[in-house]
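> Quick one, what's the 3D model for this:
(chains A and B)
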Amino acid sequence: KAGVTQTPRYLIKTRGQQVTLSCSPISGHRSVSWYQQTPGQGLQFLFEYFSETQRNKGNFPGRFSGRQFSNSRSEMNVSTLELGDSALYLCASSLGGGRNTEAFFGQGTRLTVV
Amino acid sequence: GDSVTQMEGPVTLSEEAFLTINCTYTATGYPSLFWYVQYPGEGLQLLLKATKADDKGSNKGFEATYRKETTSFHLEKGSVQVSDSAVYFCALSDTNSGNTPLVFGKGTRLSVIA
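Residues are numbered from 1 along each chain as shown, chains lettered A, B, ... in the order given. Next up is the predicted model:
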């Protein structure tokens, strides 16, 4: 069974640009969550999608957005990049509910903004 | 809101030493508790979990007990190996409030030397 796949693994962008990151969940998983990991702030929740609908949202500015497709693949977009957006972006997939639902993480996309 | 506090480290141990990483939590509901591990250059892997008070999660020689009275979920291992060197994250999900996202501690870096 294939795991969670995130592409690309590494990205370098310039301030002011926009970027799109992709996440393919485990087959059969309908929930995809995104997290930002930085040395200073640790792991912070961005948003969660379930069956193409945003179900939860963290405290990030509107420059951060996402979507989920009918095959459960998800993308997140960051517009008008800032230096502080440099981070490891992690995607996690799960079946989508209940106390025993386990989240499986991808290897992440490391974004560097210069 | 919900939060997780864990010892920040880094923790450096000799091979075969005993490991304890402390984790305490604050939650309004009745959360599920998790320990995740992150190896260099990788995403997060679920190490163990517990979903109710007095449950003991265990995996690969690691264990942690859900203590509701002390709101704690300390990670222990009797004899660490060099291959256990990684960053360990304590996390909770307050599933009584619906499908809430994972809330992570800051992470504890463990280095095991031969």
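> so what's residue 6 closest to, chain neighbours aside?
As the question left the chain open, I've gone with chain A. Sequence neighbours aside, A:G106 is the residue nearest to A:Q6 in space, at 3.9 Å (criterion: C-beta to C-beta, 6 or more residues apart in numbering or on different chains). Where you see a C-beta, it was placed from the backbone N, CA and C, and this is true even at glycine.
> wrong chain, I was asking about chain B
Closest to B:Q6 by C-beta to C-beta, 6+ apart is B:G105, at 3.7 Å.
> Just give the nearest non-adjacent residue to residue 83, would you?
Just so you know, I chose chain A. A:V113 (5.3 Å).
> try chain B instead
B:V112 (7.9 Å).
> doesn't B:Q81 make contact with the one you found?
Yes - using C-beta atoms under 8 Å, B:V112 is in contact with B:Q81, at 6.3 Å.
> Show me the common contact partners of these two, please.
B:E15 (C-beta atoms under 8 Å, 6 or more residues apart in numbering or on different chains).
> between the two, which one's more packed in?
Taking neighbours as other C-beta atoms under 10 Å in any protein chain shown, B:V112 and B:Q81 compare with B:V112 leading, 19 against 13.
> host element of the more buried one?
strand B:108-113 (DSSP states H and E).
> What is the distance between that strand and the centre of its chain?
14 Å (C-alpha atoms, centre = their mean, to the nearest Å).
> Can you tell me what sits against it?
B:6-15, B:17, B:19, B:21, B:80-89.
> mind listing what that strand pairs with, with the direction of each?
strand B:11-14 (parallel), strand B:86-93 (antiparallel) (DSSP bridges).
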